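1. Predicted model and sequence follow; I will ask about them next.
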Amino acid sequence: MTPMSVVVPTHGRTDLFLATLASLRGQTLEDFELVVTDDSADAGDRVTIADAVEAYARQTGRPARYLFTAPRLGQARNTNQGLRAARGAFVRILHSDDLLAPRALEAELALLQDPRLGLRMLFHHVEPFRTAPRFSATPSLTLVQPSLLARSMLHSGTPLPSATVVSRELLDQVGGGMREDFDFLCDWDYALRFVVAEHRRHAFIGLLSPGYVGWRLHGDSTTGRLWHRHFLEHEQLMAELAADAGLAESLIGDAGTRDGFFATAVRYRYRRLAADVRGMTPRQLLRAVPRIVRCLVSPASLRARLTPAPWTRIGMRRYPALVVPAEVLPGHVERPRPQAFVEPRQGLRFVASAYASAAIIGWAKRRAARQGAAPVTAGCQAAPDAQGLVAAGRGLELRPTMAGQPAERGRVLVLTEYNNSMNLWPLRRLVAEAETLVVTAVNGNAFAEPVLHQALKFVAQDAVVEVPITDNQHLTSFGFKALIDRIAPGEFSWDAQTKAGPVHHVLRYRRRRPAHAAYAAPHTGWTFGLLTTGARLENVERYVDSIAAFCDEPYEILIVSPVDLGPIARRPHVRVLPFAERDELGWITRKKNLICEQARHSDILVCHDRFSLTPDFCRAFAAWGYAYGLAAVRVQLPDGTRGLDWAVVSSQNHVWSSGGLLDYRAYSQYAYNPGGATVIRRAYWADFPWNENLFWNEHEDVELCRRVQRAGGLVALADATLVAAEDRWVRQNPLIPYCDQNEVLYGRPVGEQRIHFLARSAA
């Protein structure tokens, strides 16, 4: 299998195609194949393109194919025939009017094959040009959490196909090529499917700043000709995303965030429509009036315009990589106003205003050109190879937002959400090799503890952790010092501190002792433990059956039972551990410890006899990772509703207290892992066994979690799901609304947040 396939869909425009082909001829990477797919209507164009491909293959010695099946297939069908024919381990599209810098393919392949990154998707911000691109000589690499990427840009932009590279594995996983019922938004849907797939496996997406891909701006682009299809298809794609409530919540966020996201999408759609109208000639404008009216009065848009939009904090730096010409949007995305979604002018007034604006803008551009504006020149030889992008051992920087400046030279920037979903497992090797880890905005919300725990556990011995911090209500510089000593006791020593003002500090710590051995212990397989009294053998059978059906790695099943289990005990991989001591009290702590003592594998699931595995339990756990000590799993009831899983009780376990369910993105100092199902690493259990002085219904699960937390550990939430046949406890644990700014339990703030400073007296 060849390492890389480049698919070039083309339709006429032979002069532009020849320039694109020339940029491929100049690539420093030799081992890639070229697949040119042609749907040109003119036979002469087809001959020119086919001859050029043949000459390219002869001159370079690289494999190249020319495909023609029918004229006027359209963007999606023409591209798809090339994607089906591609044989590379990685596949990229290059439109026949775009250009690559000479080292583009070399850098892409090096990054995608780097085991420290684990990337299956890479995309570029592009260099827009009209004559020749002036490529940046200092592009940088950013690794982005897919949900953060989706929420920040997919309402109003998408990675260009010419700027996107994916693995063959990922391409096959999402069902192949582009959506053929879309004329324009096929590329948005194409990218969205990749983002969703990587989101579900907790992977990161690679993003390169401008320096490798040139995006040509010209009047004959698909962007310019299919303006009305863009509007209607964008409306349809956003509606489909909103209709999948589970995906929208997981990928975008809670109800308020989703409202803001879709408000931005509607606003973008109308701004884009206005820009398209401004670019029309009078003749085009007259022909387009019916389509303009259709867009303005489409049912979904009318509903949107009548719906108030909440304020949203969505915002990102606007790069020209998005499928929006630079003239369409200003330098930054506008935040939706807290009134109507959009305010489009209606009918002829809308059209006349847009056309008048176009005339003024055109006059200004012509005047600037007459005054001698400097032409854009090519500097494509300056683009570096991948060695300059991932400087081994140099540094890594974490940020919670896509806004802001690029990372310093020699650092890789990692953009990840700062909440309980943060997961650096895919980048553990990159973190472990970094000499310096910079954690920016650690106190940007209320989740400093899980964020720091996730960031620090992979840091190598003698590496430096640098934390720029501005004191606020979440955390101060002295509070950070106390926090790092609590969650990593004895592991880090203070190295240096600088002040840039009364509340601005930069703290430097150095790792002196490694993190708990459980975080680095290899995964050897699963020990599935089960506690039963023998009264619900059908549940025991269901548990064993689900493991046999869905676990494709080494495993064993240990069942603690006071009675003979008959045929179940003779099932493959099953061992029964007879135990009936103090059954009148329910000595479940001893039973759970017995399973862990007997376990042969690194990872142990201990649960009661009402659970079974979902089909993707093991795959989901492998994607989430094994750098944990004690973890809860998600619980689903047979009707699809949520069971008791990621929970809190508002006490330190000294008294009975109220319980509740946390949002999966939330973390609380009062979080605990309900004892119905617990996952623990064998290396961790050796230090944190269950307290055998406690019996059934004596908060033995809360006691274990509090003991772990006092020792600096964290109760984790794994992204793997079990099905519970029943759950009588969930009714007593209401869902607590998500809040990233304050820890709120049962409608009241907790801890220091209860303090209200009194106003000064008049005296």
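-> Yep, that arrived. It should be emphasised that the depicted structure is a prediction, and the values quoted were computed from it without experimental measurement.

2. can we go C-alpha only for contacts and neighbour counts from here?
-> OK.

3. and Lys591, how far is that from Val708?
-> When distance is defined by Cα to Cα, to the nearest Å, Lys591 is 20 Å away from Val708.

4. More neighbours: those two, which one.
-> More neighbours surround Lys591 than the other of Lys591 and Val708, with 26 against 19 (other Cα atoms under 10 Å).

5. so the more buried one is in which element?
-> helix 588-598 (DSSP states H and E).

6. pLDDT on that helix, on average?
-> The average pLDDT within helix 588-598 is 97.

7. hey, C-alpha coordinates of the top strand by length along the chain in PDB?
-> Ranked by residue count and defined by DSSP state E, the top strand of the chain is strand 715-724. Output of strand 715-724 as PDB, limited to C-alpha atoms (Å, rounded to 0.1, in the frame of the first residue of the first chain):
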ATOM      1  CA  VAL A 715     -12.300   9.600  40.900                       C
ATOM      2  CA  ALA A 716     -12.500   9.400  37.100                       C
ATOM      3  CA  LEU A 717     -15.400   8.900  34.700                       C
ATOM      4  CA  ALA A 718     -14.700   6.400  31.900                       C
ATOM      5  CA  ASP A 719     -16.400   6.700  28.600                       C
ATOM      6  CA  ALA A 720     -17.700   3.200  28.600                       C
ATOM      7  CA  THR A 721     -21.300   2.100  29.300                       C
ATOM      8  CA  LEU A 722     -23.000  -0.700  31.200                       C
ATOM      9  CA  VAL A 723     -26.600  -1.700  31.000                       C
ATOM     10  CA  ALA A 724     -28.400  -2.100  34.300                       C
END
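
8. on that earlier part again, and the helix holding Lys591, how far from the chain's centre?
-> Distance of helix 588-598 from the chain centroid (Cα atoms, centre = their mean, to the nearest Å) equals 37 Å.

9. on that earlier part again, quick one: list the elements packing against the longest strand of the chain.
-> Using 3 or more Cα pairs under 8 Å, 6 or more residues apart in numbering; DSSP states H and E, the elements in contact with strand 715-724 are strand 611-613, helix 617-624, strand 630-636, helix 700-710.

10. So Val53 lies in a strand, does it not?
-> No: applying DSSP: H, G, I helix; E, B strand; the rest coil, one finds Val53 to be helix, outside a strand.

11. Distance of it relative to Leu29?
-> Plainly put, Val53 is 18 Å away from Leu29 if you go by Cα to Cα.

12. And Phe480, by the same measure?
-> 47 Å.

13. More neighbours: which of these two?
-> More crowded of Phe480 and Leu29, by other Cα under 10 Å: Phe480, with 21 against 17.

14. now the helix or strand harbouring the more buried one: how far from the chain's centre is it?
-> Assessed by DSSP H and E, Phe480 sits inside helix 477-487. Mean-position distance between helix 477-487 and its chain equals 29 Å (Cα atoms, centre = their mean).

15. Same question for stretch 258-271.
-> Centroid separation for stretch 258-271 versus its chain: 20 Å, with Cα atoms, centre = their mean.

16. now stretch 57-68
-> With Cα atoms, centre = their mean, you get 37 Å for stretch 57-68.

17. can you give me the mean pLDDT across that stretch?
-> On average, the pLDDT along stretch 57-68 is 96.

18. Now the terminal residues of that stretch, how far apart.
-> 17 Å.

19. Same question for stretch 636-649.
-> 20 Å.

20. what does that stretch contact?
-> Outside of stretch 636-649, the residues within contact range by Cα atoms under 8 Å, 6 or more residues apart in numbering are 632-635, 657-664, 668, 670-674, 717, 721-727, 729-730, 733.

21. rerun at 6 Å
-> With contact meaning Cα atoms under 6 Å, 6 or more residues apart in numbering, stretch 636-649 is reached by 634-635, 658-662, 670-672, 723-724, 730.

22. re the thing from before, mean pLDDT and distance to Leu585 added to the helices and strands packed on strand 715-724, as JSON lines?
-> Below are these laid out as JSON lines (pLDDT from 0 to 100; distance: least, Cα to Cα, whole Å):
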{"stretch": "strand 611-613", "mean pLDDT": "97", "distance to Leu585": "22"}
{"stretch": "helix 617-624", "mean pLDDT": "95", "distance to Leu585": "32"}
{"stretch": "strand 630-636", "mean pLDDT": "96", "distance to Leu585": "25"}
{"stretch": "helix 700-710", "mean pLDDT": "95", "distance to Leu585": "13"}
